[in-house]
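In: any chance you could fold what I've pasted below:
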Amino acid sequence: MRERVLILALLSVVLAGVQVQAMTPQANSLYQQACSAEYKEDYKTAVEKLTEALAVSPNDVMIYIKLAGVYSEMGEYDKALGAYAKVAELKPADGYIYISVGSIYENQGKYKEALSAYNKVMEMCPEYLYNYLNIGNVQYQLGNYKDAIENYNKFLSTYSQHREARENLAASYLSDGNYQSAVNEYANIYSKNPSAFKDYSKYGLALFEIKNYEKAVEFLEKAVDADPDNSSAHINLALSYQELGKNNLALSQYDVVFRQQPSLHSLRFDYGNLLAEMGKEEASIENYKIYIENYPQDARAYQNIAIVYKRLLKTDDAIANYQKALELQKDKRDLALVSDLAECYYLNKDYTNALKYYDEVLASNPDNYDVKYNKAVILHSMNKYNDAIALYNELLKVKSNDALEANLTSAYIAQGDEYLKAHNYSLATEMLEKAIERGTNDSYAYFALAQSYRACDVNDKATEYFEKAIAMSPDRAEYSQEFAEFISATSKSEVKISDTSNGIQEVVLTMDYGQDDNKDLILKGDENYKNKNYDVAIKDYQDALKVNPADEVTLLKLGNIYKIKNDNKNAISFYKKSIVVNPNYADGWFNLGLVYANDKNNNKAKECFHRVISLNPNYGYAYYALGLAYEQDGNEKEALNNYKIFLVHNKDEATGKAVHEKVKQLEKNN
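Out: So this is what the prediction gives:
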């Protein structure tokens with residue numbers, strides 16, 4: 001309908017610009033008969049009459065114009081163009097004739113010829129501003145969107161309310177990729193007459209392109225409601241839902257699209273992305289494969305399918321697809337993809353290749369924190385602890401990270417252990433001490449450090465760290481076993497013979513005892529202990545320990561002697577040794593607690609007494625000792641509770657009487 005109206009309008013313009021020569025009466029009669037036949041759509045008769053008229057008046061412009069118009073209405077465009085050519089020959093200065101010529105070429109889809117005709121109109125009749133619309137329309141069809149936009153705007157500068165021109169301008173902006181201008185035009189058209197608006201699909205696409213997905217959905221939903229078979233609108237609606245995270249709605253739109261166009265494989269990539277996001281990994285892989293089969297040069301598809309394979313821990317498949325993606329990226333490799341490939345090799349425990357690809361990333365981006373972190377982990381996994389330590393420390397200067405701190409500590413311990421095995425005790429000590437300084441809770445660091453100090457004959461430090469390791473992990477039998485061996489080795493008696501007058505050097509004699517002598521030595525020690533011959537008793541007990549270094553009772557007795565001698569340091573040492581060889585030795589824990597209490601170290605004392613109670617809930621004096629410790633701390637409530645429990649277990653009348661008085665006083669205070 002638009003074509004017919006346009007042609008008639010143009011014809012009237014042409015007629016207005018032509019000085020008509022008077023027809024002969026016979027020609028005029030035939031001309032009028034032709035017009036009547038045309039009105040009745042009897043085009044065959046109209047052509048016959050006009051042909052007869054031309055026989056009478058062969059150079060009459062009006063007759064040729066009418067004949068061209070009738071041929072156009074019949075779709076006989078070549079004949080119409082022939083008639084217009086005759087008009088141009090008879091009246092060459094009349095540029096308006098090319099408006100009709102251009103229109104015919106447009107209807108034929110000959111847009112270059114149409115543009116040439118409209119340009120002649122512009123040259124010959126520049127005052128005809130409507131021609132800007134014609135030129136814009138043809139340029140749009142030719143894909144010359146920028147030129148079309150220019151001419152539409154020229155037209156609209158005069159005919160600003162022309163809706164068709166506005167719609168065509170919006171479509172040109174959209175096709176040219178100027179999405180914001182397209183949105184502005186569509187918004188203007190829609191606001192002026194919403195009920196007449198039809199370009200929902202195009203408006204929705206423009207909104208999608210500027211990432212206004214909510215608004216895009218609004219108009220794309222209108223588009224599919226108006227035309228359920230509009231696959232383009234369904235596609236863009238699916239993508240908009242997908243961007244908004246409305247995955248189920250997106251999925252339903254994809255289903256519609258693939259029912260309508262099952263061979264639309266270009267959409268399989270986005271569909272695969274949606275399925276992957278929804279956790280439908282196998283279905284996503286299937287769609288990526290279909291896409292790759294049809295678009296084998298798209299690196300994105302290989303990368304995304306690799307991501308899904310990686311998620312499924314199918315690392316071999318992931319690696320193959322990452323490699324293919326990189327192969328297709330000949331000019332510029334995606335460093336994020338290279339990093340993902342490195343991670344897959346790491347998961348495969350192929351540390352050499354993992355390191356290779358991480359180094360490739362760092363060659364281009366040496367300050368990439370995450371890649372440096374991953375490289376440090378790889379080096380750690382490859383037992384290259386010193387290299388890992390250097391990187392960990394470098395990264396920690398950039399920012400703190402708890403996991404990295406833990407890795408660094410672990411690397412120090414591992415490297416220390418390596419040095420220990422290689423008998424490089426100075427470096428082993430250095431590494432292990434660094435780990436301990438960092439506050440490690442790994443008891444092995446303390447145990448290994450004890451071993452290192454033992455190897456260097458630094459016995460006091462060895463003892464300290466053996467005890468700490470055992471306290472941290474009392475269930476590690478190997479710790480207690482080695483400590484017992486260490487105690488045995490360092491408890492050999494020494495007989496010193498010296499002549500002070502002549503400065504004779506000390507001679508150390510090692511004394512060996514059999515199991516049968518053990519009891520006698522203990523009995524001798526007990527006798528000397530009873531008679532307060534403490535130094536002699538110490539020697540007896542130490543001799544007994546050479547036979548059985550893991551005798552917790554004898555170790556306790558030594559601790560008791562040192563406690564009597566007010567040598568709390570040695571007392572603590574032997575009490576600790578007693579609980580090292582037997583972590584469940586309640587008496588050892590109790591006496592250790594008493595020494596700590598004597599040193600005013602109530603926190604450690606309480607820990608010991610609580611341990612006693614956990615081992616033996618009926619150990620009455622542990623409650624009494626706890627009561628004293630809590631009372632000294634000013635915690636009268638806990639002191640009162642423990643005194644009361646002590647009274648339940650107490651069989652000592654004198655002590656019980658004293659504790660009763662304490663309870664009365666504390667109850668009065670509270």
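
In: if you count neighbours, what's buried in the longest helix seen in the chain?
Out: Ordering each helix of the chain by length in residues (DSSP state H) puts helix 402-421 first. Under the neighbour-count criterion of 16 or more other C-beta atoms under 10 Å, helix 402-421 has 404, 407-420 buried. In this view, the C-beta of every residue, glycine as well, is placed from N, C-alpha and C.

In: contact partners for residue 201?
Out: 219-220, 223, 227, 230, 232-233, 236 (C-beta atoms under 8 Å, 6 or more residues apart in numbering).

In: so what secondary structure elements neighbour whichever strand or helix holds residue 462?
Out: Taking DSSP states H and E as the definition, residue 462 sits inside helix 459-472. Secondary-structure packing of helix 459-472 (3 or more C-beta pairs under 8 Å, 6 or more residues apart in numbering; DSSP states H and E): helix 443-455, helix 477-490, helix 568-581.

In: by mean pLDDT, show me the worst of these.
Out: Least confidently modelled of those is helix 477-490, at a mean of 79 by mean pLDDT.

In: tell me what angle that helix forms with helix 443-455.
Out: Orientation check (axes from the mean of the first three to the mean of the last three C-alpha atoms, to 10 degrees): helix 477-490 against helix 443-455 gives 20 degrees.

In: put the alpha carbons of helix 477-490 into CSV.
Out: In CSV, the C-alpha atoms belonging to helix 477-490 read as follows (Å, rounded to 0.1, in the frame of the first residue of the first chain):
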residue,chain,number,x,y,z
ALA,A,477,54.0,-42.2,70.7
GLU,A,478,57.2,-41.6,68.7
TYR,A,479,57.7,-38.3,70.5
SER,A,480,57.6,-39.9,73.9
GLN,A,481,59.7,-42.8,72.8
GLU,A,482,62.5,-40.7,71.4
PHE,A,483,62.4,-38.4,74.4
ALA,A,484,62.8,-41.4,76.7
GLU,A,485,65.8,-42.5,74.7
PHE,A,486,67.2,-39.1,75.0
ILE,A,487,66.7,-39.1,78.7
SER,A,488,68.4,-42.4,78.9
ALA,A,489,71.4,-41.2,76.9
THR,A,490,71.8,-38.1,78.9
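
In: wait, residue 118 sits on residue 97?
Out: No - assessed by C-beta atoms under 8 Å, residue 118 is found out of contact with residue 97, at 12.0 Å.

In: avg pLDDT for the longest helix of the chain?
Out: 94.

In: now do it and helix 443-455, the angle between them.
Out: Per the same axes, to 10 degrees, the angle that helix 402-421 makes with helix 443-455 is 30 degrees.

In: next helix or strand past the helix or strand encompassing residue 371?
Out: Element membership of residue 371 [criterion: DSSP H and E] is helix 369-381. Moving toward the C-terminus from helix 369-381, the first helix or strand encountered (DSSP H and E) is helix 385-398.

In: from the chain's centroid, how far away is that following helix?
Out: Centroid separation for helix 385-398 versus its chain: 23 Å, with C-alpha atoms, centre = their mean, to the nearest Å.

In: using CSV, write down the CA coordinates of it.
Out: The C-alpha coordinates for helix 385-398 follow below in CSV (Å, rounded to 0.1, in the frame of the first residue of the first chain):
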residue,chain,number,x,y,z
TYR,A,385,60.8,-25.0,49.6
ASN,A,386,63.4,-22.2,49.6
ASP,A,387,62.0,-20.8,46.3
ALA,A,388,58.5,-21.0,47.6
ILE,A,389,59.5,-19.3,50.9
ALA,A,390,61.1,-16.4,48.9
LEU,A,391,57.8,-15.9,46.9
TYR,A,392,55.6,-16.2,50.0
ASN,A,393,57.6,-13.5,51.7
GLU,A,394,57.5,-11.3,48.6
LEU,A,395,53.7,-11.7,48.5
LEU,A,396,53.2,-10.9,52.2
LYS,A,397,54.9,-7.6,51.6
VAL,A,398,52.1,-6.7,49.2
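
In: contacts for stretch 34-50, please.
Out: Stretch 34-50 has contacts (C-beta under 8 Å, 6+ apart) with 30-31, 33, 53, 63, 66-67, 69-71, 73-74.
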